[in-house]
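In: here is my input, please return the structure:
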Amino acid sequence: MAPSLGIFWFIRIEKGRVKLVSAKTPLGKSESYGRFRNHPEGHLEQWEHWALEKGGLFAETDYDDWPRGRIVYDEESRIYLLYVDPQLQKFSDRVIRHFSLPVKRTKILYDEHYRSRKLLVAN
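Out: Numbering: from 1, shown residues only. You can find the predicted model right below:
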C-alpha cells in the first residue's frame, strides 16, 4: 500500500479502549507547501465536519481535547515527518502502519502545537 499523509487523533471509547481516527490523503494527491507535501485540511475543520456528519463524541468534545498529530512529507530529504502529542509515543508504530509509512524514512517529532487537554490513558 502506498504511503498517505494526514491528520489523526487517538480517542478514548467505551471501557477505556483507545481508537485511532484519521483523515488521509495519498502522497500523490497531497498539497504542496514549499518543500513539503501535506494533507489539505486542518484538525479543526475535519473535527467540525465529523461533528456535523457523525455527531456523538465529535459533537460533544473539541478537536484539541484528544491527543492528535499530523504526517507531512519533506520532498528535499524524502522523509516523512510524524508530528505527535508526546503522550502518543507508544502509539507511533500504529500510526506508521495505518498510514503505510516506510519505517526507515519516518521521523517522529513532538510539537507543542499537538498537546491535548485530555489524557488518553489515566496514570
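In: what mean pLDDT does the longest helix seen in the chain get?
Out: Under DSSP state H, the helix in the chain containing the largest number of residues is helix 43-53. Mean pLDDT, helix 43-53: 92.
In: which parts of that helix are buried?
Out: Under the neighbour-count criterion of 16 or more other CB atoms under 10 Å, helix 43-53 has 43, 46-48, 50-51 buried. Glycine gets a C-beta too; all of them are placed from N, C-alpha and C.
In: using CSV, lay out the residues you listed together with distance to G6.
Out: Formatted as CSV, the buried residues of helix 43-53 follow (distance: CB to CB, whole Å):
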residue, distance to G6
H43, 11
Q46, 9
W47, 13
E48, 17
W50, 14
A51, 18
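In: which of the residues you listed lies closest to Q87?
Out: H43 (16.0 Å; CB to CB).
In: helices or strands next to the helix or strand where Y83 lies in the packing?
Out: Taking DSSP states H and E as the definition, one finds Y83 inside strand 79-84. Packing partners of strand 79-84 (3 or more CB pairs under 8 Å, 6 or more residues apart in numbering; DSSP states H and E): strand 68-74, helix 92-98, strand 106-110.
In: by mean pLDDT, point me to the weakest helix or strand of this protein.
Out: helix 57-60 (a mean of 87; mean pLDDT, DSSP states H and E).
In: C-alpha coordinates for that helix, PDB please?
Out: Extracted in PDB, the C-alpha atoms of helix 57-60 (Å, rounded to 0.1, in the frame of the first residue of the first chain):
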ATOM      1  CA  LEU A  57     -18.100  12.300  20.500                       C
ATOM      2  CA  PHE A  58     -17.200  14.600  17.700                       C
ATOM      3  CA  ALA A  59     -20.100  17.000  18.600                       C
ATOM      4  CA  GLU A  60     -19.600  16.600  22.400                       C
END
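In: now stretch 109-119: average pLDDT?
Out: The model assigns stretch 109-119 a mean pLDDT of 80.
In: list the buried residues for it?
Out: So stretch 109-119, judged by 16+ other CB under 10 Å, has buried residues 110, 114, 116.
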